[in-house]
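Undergrad: Got a sequence here, can you build the structure:
(chains A and B)
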Protein chains: 2
Amino acid sequence: MSDASMDLVSRILGGDRRAVARLMSMAENDVPGVKKILAELHTHTGRAHIIGVTGPPGSGKSTLVDKLTLEYRRMGKTVGIIAVDPTSPFTGGALLGDRIRMNEVALDRGVFIRSMGARGHLGGLAKKTGDLVKIMDAFGKDMILVETVGAGQSEVEIVGTAYSTIIVEVPGLGDDIQAIKAGILEIGDIFVVNKSDLDGADETARELDAMLDMNPNDSGWRPPIIQTSALSGDGVSRVVEALTEHMNHLNETGNLHKLVRARARDELRNIIIDHIRSLVDARHDSEEFETLVDSIVAGELDPYRAAEIYLKTLEG
Amino acid sequence: MSDASMDLVSRILGGDRRAVARLMSMAENDVPGVKKILAELHTHTGRAHIIGVTGPPGSGKSTLVDKLTLEYRRMGKTVGIIAVDPTSPFTGGALLGDRIRMNEVALDRGVFIRSMGARGHLGGLAKKTGDLVKIMDAFGKDMILVETVGAGQSEVEIVGTAYSTIIVEVPGLGDDIQAIKAGILEIGDIFVVNKSDLDGADETARELDAMLDMNPNDSGWRPPIIQTSALSGDGVSRVVEALTEHMNHLNETGNLHKLVRARARDELRNIIIDHIRSLVDARHDSEEFETLVDSIVAGELDPYRAAEIYLKTLEG
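TA: Sure thing, here's the model as predicted:
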């Protein structure tokens, strides 16, 4: 590793915010050499409690995250916030980071905030979120909050790196709650019905409760349903309590170790496949590859047969 | 190939709609054996004009696609419509296919409509769209319209299979047009300002025009900007003309061949990488892999170093 890279590592471990921001940009842009730095940081990770927060647009996720941050700061814990918006400006959605966060949170030196949009990140957003989490962890943040707007399967992958996942709902979504069942219900460790001052909060909580009854998991953890008003702060301390209980549960049952192991497994698999992909791409302009492409275009070979032939040349 | 698979292929080539629907479901679910069938169909493809239509939610893409379909039917051409919605029900967006299409279109035997959502398709949506296009093409549809809602980078990949791409805008998006420049401008062959009866249509068209001036491409094709009111049908025939002109341009300049070749190249590459990925996954529960995972969890190895070690065992 170069001197500059070593310097960056030691500055991050020493608490230098600018070094952290710089490495995060490098990870986002996947610049050459960043893998070596992340590798170096790896042994300094594993201490933080990683919390995912997801839910539909307008459910008040950012406010909840800010209020959770204030609670944790009061408890003397440092906090990293990673806000991910997989929808681009094209859909009209503003990047989470563009919203003004509470001053108390944004100006607190014990808090580090980073936002990331989807532009140019397709498919890699979950991986890059994982890298940012790793950097925050090595940086020494006690609590890492990963906040992402619900946008289909992608938020499931983005919060996939968390140990505890909070699903934020708001009253009155009605049929939408039915629609989210599949895929979302399973990843929720804590359900929050935010904006509990709105009509229908009790009913939404009851519906969620019924859905959880119908879909029991085998982890031994029954996700609590907590009504909050993130704006006023009502119920936020109960969310903090539930997070602590969930983490204790993960520790006591050995599920935390299983979770950490499953993630290490996924990460290793993805790095291996990325590497092989780059090997294939490096041979991409070889004569044999181009000849096969010509045969496909001419209709002499179908692409599956062409792939078989190419793989044989790789083996040979 | 099994008799059942051969039977499916001949039924599709013979124009059997149920066989087409069945193979599309097989392709969407990536069932074993589907690759062989797609391979068999490959030599029967390459005849259709593939048209991509994308733009923000509410811009009237579906209505435009329906009206284009009616025009093509009047010209005696058959039409396949593939509607892709990369946002899940979780965001509250209805699947395009759930919207009721014009009766004239939906009931016409010369039209085949298929819709696809993102659920469980993450990362593979563009690939699966390509498979559906291939099936429509082998099925003998003259025009294939791929319609997708703008949702960041994903729609760029989804319409990536098209020869001609229409970007639909609506008046009054203002700053959003600026925001879409990057990534979207380059893929547009025809720009449609729909809902041209709304205030600001001329201004939106002028803004697009200025943006295209600032970002000239080197294909020799200057994308036209066409104002339409898809609901009333105003301007739709001019879109059809522009599509014909664009296809002629592609043919005359030899760009069509380049396009077809580039896609064959991408497809071959993706099939090769998929194959290698499945080879890696097949060895996933090997003892050496699990030992490496344990070392990562124990902090003895970082995942990048572990991947290097694993790749060495693959070579050995």
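
Undergrad: Next, see if the longest helix seen in chain A gets close to chain B.
TA: Counting by DSSP state H, the longest helix found in chain A is helix A:255-282. Yes - judged by CB under 8 Å from any CB of the partner chain, helix A:255-282 comes into contact with chain B through A:257, A:260-261, A:264-265, A:267-269, A:271-273, A:275-277, A:280-281. All C-beta atoms are positioned from the backbone trio N, CA, C, and that covers glycine.

Undergrad: Stretch A:297-305 now?
TA: Yes - contact of stretch A:297-305 with chain B (CB under 8 Å from any CB) involves A:297, A:299, A:302, A:303, A:304, A:305.

Undergrad: Span of that stretch from start to end?
TA: Start-to-end span of stretch A:297-305 (CA to CA, to the nearest Å) is 13 Å.

Undergrad: Please point out which parts of it sit buried.
TA: Residues of stretch A:297-305 classed as buried: A:297, A:301, A:302, A:303, A:304, A:305 (neighbour count, 16 or more other CB atoms under 10 Å in any protein chain shown).

Undergrad: for the nearest residue to residue A:215 once chain neighbours are set aside, what are its contacts?
TA: Excluding the flanking residues, the one nearest residue A:215 by CB to CB, 6 or more residues apart in numbering or on different chains is residue A:185, at 5.5 Å. Contact analysis of residue A:185 by CB atoms under 8 Å, 6 or more residues apart in numbering or on different chains lists A:211, A:212, A:215.

Undergrad: now the helices for chain A?
TA: Secondary structure of chain A (DSSP H): helices at A:3-13, A:17-28, A:34-42, A:61-74, A:103-106, A:125-139, A:153-158, A:175-184, A:201-214, A:236-253, A:255-282, A:287-297, A:303-315.

Undergrad: any chance of the ones you listed in a markdown table, with mean pLDDT too?
TA: Shown next, in a markdown table, are these (pLDDT from 0 to 100):
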| stretch | mean pLDDT |
| --- | --- |
| helix A:3-13 | 90 |
| helix A:17-28 | 92 |
| helix A:34-42 | 91 |
| helix A:61-74 | 94 |
| helix A:103-106 | 79 |
| helix A:125-139 | 91 |
| helix A:153-158 | 70 |
| helix A:175-184 | 54 |
| helix A:201-214 | 88 |
| helix A:236-253 | 97 |
| helix A:255-282 | 85 |
| helix A:287-297 | 90 |
| helix A:303-315 | 84 |
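
Undergrad: of all those, which lies closest to residue B:37?
TA: Evaluated with CB to CB, the helices of chain A place helix A:303-315 nearest to residue B:37, the distance being 10.0 Å.

Undergrad: got a winner among the residues of helix A:255-282 next to chain B for most neighbours?
TA: residue A:272 (25 neighbours; other CB atoms under 10 Å in any protein chain shown).

Undergrad: give me the number of residues near residue A:200?
TA: A count of neighbours around residue A:200, defined by other CB under 10 Å, yields 17.

Undergrad: Name the nearest residue to it, ignoring sequence neighbours.
TA: In space, residue A:200 is closest to residue A:171, 3.8 Å off (CB to CB, 6+ apart).

Undergrad: Report the contact partners of the one you found.
TA: By CB under 8 Å, 6+ apart, the contact list for residue A:171 reads A:193, A:195, A:196, A:198, A:199, A:200, A:201, A:203, A:204.

Undergrad: Let's see that with 10 Å instead.
TA: Residues near residue A:171 by CB atoms under 10 Å, 6 or more residues apart in numbering or on different chains: A:177, A:193-205, A:227.

Undergrad: separation between the nearest residue to residue A:142 once chain neighbours are set aside and residue A:278?
TA: If the residues on either side of it in the chain are set aside, residue A:142 comes closest to residue A:77, at 4.0 Å by CB to CB, 6+ apart. Note on residue A:77: its distance to residue A:278, by CB to CB, to the nearest Å, is 39 Å.

Undergrad: Please say which of those two ends up with more neighbours.
TA: Legend: neighbour count by other CB under 10 Å for residue A:77 and residue A:278, higher for residue A:77 (15 against 9).

Undergrad: and the more buried one, what pLDDT?
TA: Predicted confidence (pLDDT) for residue A:77: 97.

Undergrad: Closest one to residue A:125 out of the residues of helix A:255-282 next to chain B, please.
TA: residue A:267 (15.1 Å).

Undergrad: correct me, but the closest one touches residue A:273?
TA: No - the pair residue A:267 and residue A:273 does not pass the contact test of CB atoms under 10 Å, sitting 11.0 Å apart.

Undergrad: Quickly list what's touching both of the two.
TA: In contact with both residue A:267 and residue A:273: residue B:307, using CB under 10 Å, 6+ apart.

Undergrad: before we move on, back to that, counting neighbours, which of the contacts of residue A:185 comes out on top?
TA: Result: residue A:212 is most packed of those (other CB under 10 Å), 17 neighbours.

Undergrad: can you pull the contacts of the residue of the stretch 201-316 of chain A found nearest chain B?
TA: Of all residues in the stretch 201-316 of chain A, residue A:302 sits closest to chain B, at 3.6 Å by CB to the nearest CB. Listed by CB under 10 Å, 6+ apart, the contact partners of residue A:302 are A:295-296, A:308, B:35-36, B:38-43, B:45, B:267, B:271.

Undergrad: cutoff 7 Å now
TA: Counting by CB atoms under 7 Å, 6 or more residues apart in numbering or on different chains, residue A:302 makes contact with B:39, B:42, B:43.

Undergrad: residue contacts, the second one?
TA: By CB under 7 Å, 6+ apart, residue B:42 lies in contact with A:302, A:303.

Undergrad: if you set the cut-off to 6 Å instead, what comes out?
TA: Counting by CB atoms under 6 Å, 6 or more residues apart in numbering or on different chains, residue B:42 touches residue A:302.

Undergrad: Residue A:166 touches residue A:55, doesn't it?
TA: No - contact criterion CB atoms under 6 Å: residue A:166 and residue A:55 do not qualify, at 8.1 Å.

Undergrad: what's the neighbour count on residue A:109?
TA: 8.

Undergrad: Quick check on it: phi, psi?
TA: Phi and psi for residue A:109, reported as degrees, to the nearest 10, are phi -70, psi -10.

Undergrad: what's the distance between it and chain B?
TA: Going from residue A:109 to chain B by CB to the nearest CB, to the nearest Å gives 28 Å.

Undergrad: Now that residue: closest residue in space that isn't a chain neighbour?
TA: In this structure, residue A:109 finds its nearest non-sequential neighbour in residue A:17, 8.0 Å apart by CB to CB, 6+ apart.

Undergrad: The one you found: neighbouring residues, count only.
TA: If you count neighbours by other CB under 10 Å, residue A:17 ends up with 12.

Undergrad: Same question for the one 3 residues further on.
TA: Residue A:20 has 23 neighbouring residues, counting by other CB under 10 Å.

Undergrad: ditto for the one 10 residues further on
TA: Neighbouring residues of residue A:30 were enumerated by other CB under 10 Å; the total is 15.

Undergrad: Show the pLDDT at it.
TA: Turning to residue A:30, the model gives it a pLDDT of 82.

Undergrad: Quickly note the distance from it to residue A:124.
TA: Residue A:30 is 8 Å from residue A:124, by CB to CB.

Undergrad: Domain-wise, how is chain A divided?
TA: A:1-43, A:45-253, A:267-315 (automatic domain parsing).

Undergrad: Let me know which of those domains is tucked in deepest.
TA: Among the domains of chain A, ranked by average contacts under mean count of other CB atoms under 10 Å in any protein chain shown, first place goes to domain A:45-253 (a mean of 20).

Undergrad: who's in contact with the closest residue to residue A:167 other than its chain neighbours?
TA: The spatially closest residue to residue A:167, leaving aside those adjacent along the chain, is residue A:188, at 3.9 Å (CB to CB, 6+ apart). By CB under 6 Å, 6+ apart, the residues touching residue A:188 are A:165, A:167, A:223.

Undergrad: residues in contact with the first one?
TA: Residues in contact with residue A:165, defined by CB under 6 Å, 6+ apart, are A:52, A:159, A:187, A:188, A:189.
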